[in-house]
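Chemist: structure of the sequence below:
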Amino acid sequence: MALRDRKAAQSGLRGLLLIRSIRAEDSDVPILVFSMHDHPAIVRRAFDAGATGFLSKDAAPECFLEAFSAVCSGTPYLAHRLALQIAFLAPPDHIDPHTRLTRRELAIVCSPR
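Modeler: Sure, this is the predicted structure:
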């Protein structure tokens, strides 16, 4: 498993592109996304790109250990709060408008005010 802070990368592959690239190289490698951006649309995009788990940086330290263990064993991980937010984001027959936004538009919409 590779652990990489998205903000630490000032050049090269970042974010969803990095997840897709890793997944293309090795379909079995566990990928745990650790991010301060936990808007449901961002989390959904990470899983759609191939992440095995997602953890917000504001999670308790024991949650990190739980997420790391789960993902290393091949079990998907998503904190209960985020799972509920994603589950109720939109009805199945409704297309989430956030999925149509560009990365820049999504960053603006999801940025703290």
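Chemist: what separation is there between residue 44 and residue 65?
Modeler: Residue 44 sits 24 Å away from residue 65, going by Cβ to Cβ, to the nearest Å. Placement of C-beta: from N, CA and C, glycine included.
Chemist: quick one: which of those two has more around it?
Modeler: When neighbours are counted by other Cβ atoms under 10 Å, residue 44 and residue 65 differ, and residue 44 comes out ahead with 19 against 10.
Chemist: name the nearest residue to that one, sequence neighbours excluded.
Modeler: If you skip the residues right next to it in sequence, residue 44 has residue 86 as its closest partner in space, 5.8 Å away by Cβ to Cβ, 6 or more residues apart in numbering.
Chemist: show me the shaky parts of the chain.
Modeler: In the prediction, the chain carries residues with pLDDT under 70 at positions 2-13, 90-99, 112-113.
Chemist: related to what we said a few turns ago, and the residue nearest to residue 44, how far from residue 60?
Modeler: Counting by Cβ to Cβ, the gap from residue 86 to residue 60 is 20 Å.
Chemist: who's more crowded, the two?
Modeler: Taking other Cβ under 10 Å, residue 86 and residue 60 do not tie; residue 86 has more neighbours (17 against 9).
Chemist: show me what contacts the more buried one?
Modeler: Under the criterion of Cβ atoms under 8 Å, 6 or more residues apart in numbering, the neighbours of residue 86 are 40, 43, 44, 78.
Chemist: same question for residue 82.
Modeler: With contact taken as Cβ under 8 Å, 6+ apart, residue 82 is in contact with 38, 40, 43, 54, 56.
Chemist: for residue 24, state which of those residues is nearest.
Modeler: Among the contacts of residue 82, residue 54 lies closest to residue 24 (Cβ to Cβ), at 19.4 Å.
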